[in-house]
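**Q** All I have is the shape, not the residue letters:
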């Protein structure tokens with residue numbers, strides 16, 4: 001005979017019991033050490049089952065409001081843990097890439113225009129809870145009993161291969177290595193390819209967490225000018241020839257931080273430069289699933305000969321489900337799989353199983369469609385807001401979360417970010433995305449998902465007006 005649980009609909013009844021006792025304790029109507037009604041008496045008072053009261057009392061114990069004394073009952077806690085206050089932003093001493101990354105993770109600012117991630121409501125809130133619940137029947141999914149293949153869950157790799165085929169990228173599961181997201185993938189690539197003192201080419205402006213990894217590897221970083229239609233092929237050729245660099249990190253589509261995408265003519269020219277200079281290109285594609293399948297992709301032109309493709313589900317599914325992948329030549333994938341075993345043992349088979357289930361059920365595609373529409377609407381609204389503020393938008397961004405705005409030349413983007421931080425506003429200064437100190441002037445990255453907050457618009461109107 002199975003264990004009897006709370007009656008149907010008990011969730012709201014449990015909440016009623018919890019809220020009633022919480023209110024009494026918070027208002028001082030019940031004092032520390034005072035005994036709560038017995039489970040039987042409370043069930044009669046609230047008109048609920050004893051199981052419901054037990055569940056409510058156990059949750060109150062978990063919050064620290066009451067104590068459980070076996071054989072005696074439940075009592076108001078005499079030493080209650082104070083609720084942790086939201087940490088206030090520290091005085092900002094240095095505005096740099098480390099500061100920006102820390103503030104995105106700790107979430108100490110209420111206005112988050114400089115955040116690199118979407119709001120939880122877009123990804124992990126009501127929509128994901130409603131549409132992306134686990135879809136297997138009870139007992140069909142289990143926690144993996146072993147580490148599994150170092151390449152990651154085979155069924156998910158097969159599904160990713162199908163998704164890449166829709167983008168004209170032919171790949172086998174043996175060419176796919178699953179990772180703990182795109183940053184984990186980039187870290188493995190840096191570890192494998194780069195020795196101290198090596199010169200590496202990157203987008204300028206570009207992805208600042210990558211710059212941190214390269215500096216830890218003691219590489220010399222050289223920026224390649226980023227135009228509205230992709231990396232400047234002439235600048236790429238000049239920098240590659242002058243430096244002898246053999247690795248170029250870029251993001252072709254919905255580029256972080258400009259939001260712009262590479263055009264097909266530029267993509268062809270970039271691949272020609274790579275061939276002429278024996279360059280390997282690492283191309284991150286975090287927004288692949290919300291971009292058109294016929295978008296210009298270096299990996300489609302090259303078929304993973306010189307291109308290593310990095311993908312992730314963090315930008316389109318959930319930042320908490322840390323899962324991504326590397327698509328590369330078979331020999332490179334094998335070498336990275338060995339490195340993964342040495343440094344990580346493996347990625348999360350359980351997370352990979354969840355993502356696989358969401359894809360095969362069709363729910364992931366449904367979520368992506370809704371997310372794409374949301375991004376489109378937010379992009380239009382962001383253009384309107386920035387136009388009102390007189391802030392010029394770089395290029396024609398679309399498909400991702402970002403826009404790049406030039407600031408008046410007499411404004412320091414670092415000082416602007418410091419002033420904004422004092423008012424609880426997180427901005428992303430353009431200097432954080434400058435790899436080698438050769439930026440073209442003050443700028444900032446905008447996250448379109450947060451741009452609707454009127455406090456940001458009022459602040460910018462004040463400082464630029």
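**A** Here it is on my side, so go on. From a predicted model like this one, the values you see are computed outputs, not experimental measurements.
**Q** what about residue 221, how many neighbours?
**A** Residues within reach of residue 221, counting by other CB atoms under 10 Å, total 18. Every C-beta, even on glycine, is put in place using the N, C-alpha and C of the backbone.
**Q** Please identify the helix or strand for residue 462.
**A** helix 454-464 (DSSP states H and E).
**Q** Could you list the low-pLDDT ranges of this structure?
**A** For the chain, the stretches flagged by pLDDT under 70 are 1-12, 79-108, 117, 120-147, 319.
**Q** And the longest strand along it, what does it pack against?
**A** With secondary structure taken from DSSP state E, the chain has its longest strand at strand 220-227. In terms of contacts (3 or more CB pairs under 8 Å, 6 or more residues apart in numbering; DSSP states H and E), strand 220-227 is packed against strand 199-204, helix 208-216, helix 233-243.
**Q** okay but residue 50 is in contact with residue 40, surely?
**A** Yes: counting by CB atoms under 8 Å, residue 50 touches residue 40, with 6.4 Å between them.
**Q** any idea whether residue 441 is helix, strand or coil?
**A** What DSSP: H, G, I helix; E, B strand; the rest coil gives for residue 441 is coil.
**Q** what's near enough to touch it?
**A** Going by CB atoms under 8 Å, 6 or more residues apart in numbering, residue 441 touches 406-407, 409, 430.
**Q** Residue 241: which of those residues is nearest?
**A** For the contacts of residue 441, the minimum distance to residue 241 (CB to CB) is 27.6 Å, reached by residue 430.
**Q** about what we covered before: I'd like the helices and strands packed on strand 220-227 laid out as CSV, including mean neighbour count and distance to residue 169.
**A** Shown next, in CSV, are those (neighbours: other CB atoms under 10 Å; distance: least, CB to CB, whole Å):
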stretch, mean neighbour count, distance to residue 169
strand 199-204, 24, 21
helix 208-216, 19, 22
helix 233-243, 17, 22
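**Q** and the ones you listed as JSON lines, adding distance to residue 421?
**A** Shown next, in JSON lines, are the helices and strands packed on strand 220-227 (distance: least, CB to CB, whole Å):
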{"stretch": "strand 199-204", "distance to residue 421": "25"}
{"stretch": "helix 208-216", "distance to residue 421": "17"}
{"stretch": "helix 233-243", "distance to residue 421": "33"}
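**Q** so which of those comes closest to residue 260?
**A** Residue 260 sits nearest to strand 199-204 of all the helices and strands packed on strand 220-227, at 10.7 Å, using CB to CB.
**Q** Which SSE is immediately downstream of the helix or strand containing residue 381?
**A** Assessed by DSSP H and E, residue 381 sits inside helix 363-389. For helix 363-389, the succeeding helix or strand toward the C-terminus, using DSSP H and E, is strand 402-406.
**Q** Taking strand 220-227 as reference, get the angle to that following strand.
**A** 90 degrees (axes from the mean of the first three to the mean of the last three CA atoms, to 10 degrees).
**Q** Tell me the buried residues in stretch 288-302?
**A** With burial defined by 16 or more other CB atoms under 10 Å, the residues of stretch 288-302 counted as buried are 288-291, 295-302.
**Q** among those residues, which two are most distant?
**A** Distance extremes for the buried residues of stretch 288-302: the farthest pair is 290 and 302 at 22.6 Å, using CB to CB.
**Q** how about the strands in the protein?
**A** For the chain, strands defined by DSSP E occupy the ranges 66-69, 73-76, 176-179, 199-204, 220-227, 230-231, 247-250, 280-284, 307-312, 324-327, 402-406, 428-429, 443-447.
**Q** With distance to residue 388 added, can I get those in CSV?
**A** Output for the strands of the chain, formatted as CSV (distance: least, CB to CB, whole Å):
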stretch, distance to residue 388
strand 66-69, 53
strand 73-76, 54
strand 176-179, 41
strand 199-204, 29
strand 220-227, 26
strand 230-231, 29
strand 247-250, 33
strand 280-284, 32
strand 307-312, 33
strand 324-327, 37
strand 402-406, 13
strand 428-429, 20
strand 443-447, 13
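**Q** got the contact list for the residue nearest to residue 241 when sequence neighbours are not counted?
**A** The shortest distance from residue 241 to any non-neighbouring residue, by CB to CB, 6 or more residues apart in numbering, is to residue 277 (6.3 Å). By CB under 8 Å, 6+ apart, the contact list for residue 277 reads 237, 240-241.
**Q** from those residues, which is closest to residue 189?
**A** Checking the contacts of residue 277 against residue 189 with CB to CB, the nearest one is residue 240 at 18.0 Å.
**Q** now the closest residue to the closest one other than its chain neighbours: how far from residue 287?
**A** Spatial nearest neighbour of residue 240, excluding adjacent residues (CB to CB, 6+ apart): residue 277 at 4.0 Å. Separation of residue 277 from residue 287 (CB to CB, to the nearest Å) stands at 28 Å.
**Q** what do you get for residue 380?
**A** From residue 380 to residue 287 the distance is 17 Å (CB to CB).
**Q** The two: which has the busier surroundings?
**A** Legend: neighbour count by other CB under 10 Å for residue 380 and residue 287, higher for residue 287 (27 against 11).
**Q** Now do the same contact list for the more buried one.
**A** Neighbouring residues of residue 287 by CB under 8 Å, 6+ apart: 253-254, 315-316, 399-400.
**Q** Between which two of those is the distance greatest?
**A** Maximum distance among the contacts of residue 287 (CB to CB): 12.6 Å, for 253 and 316.
**Q** Between these two, which is the more surrounded one?
**A** When residue 253 and residue 316 are compared for neighbours, residue 253 comes out ahead with 25 against 21, by other CB under 10 Å.
**Q** Could I get the contacting residues of the more buried one?
**A** Contacts for residue 253 (CB under 8 Å, 6+ apart) come out as 261-262, 285, 287-288, 291, 295-297, 399-400.
**Q** and what of residue 338?
**A** By CB under 8 Å, 6+ apart, the neighbours of residue 338 are residue 150.
**Q** how far away is it from residue 237?
**A** Per CB to CB, residue 338 is found 33 Å from residue 237.
**Q** repeat for residue 358
**A** Residue 358 is 42 Å from residue 237, by CB to CB.
**Q** Which positions within the helix holding residue 462 qualify as buried?
**A** Buried positions in helix 454-464, judged by neighbour count with 16+ other CB under 10 Å: 456-457, 459-460.
**Q** Most widely separated two among those residues?
**A** Across these, the longest distance by CB to CB is 7.3 Å; it joins 457 and 459.
**Q** which residues does residue 282 form a beta bridge with?
**A** residue 249, residue 308 (DSSP bridges).
**Q** And for it, the neighbour number?
**A** When neighbours are defined as other CB under 10 Å, residue 282 has 24 of them.
**Q** list the contacts for residue 464?
**A** Residue 464 makes contact with 389-391, 407-408, 411 under the criterion CB under 8 Å, 6+ apart.
**Q** Sorry, slip of the keys, the one I care about is residue 175.
**A** Contacts of residue 175 by CB under 8 Å, 6+ apart are 304, 327-330, 333.
**Q** redo that, cut-off 10 Å
**A** 151, 157, 161, 164, 169, 304, 309, 325-334 (CB atoms under 10 Å, 6 or more residues apart in numbering).
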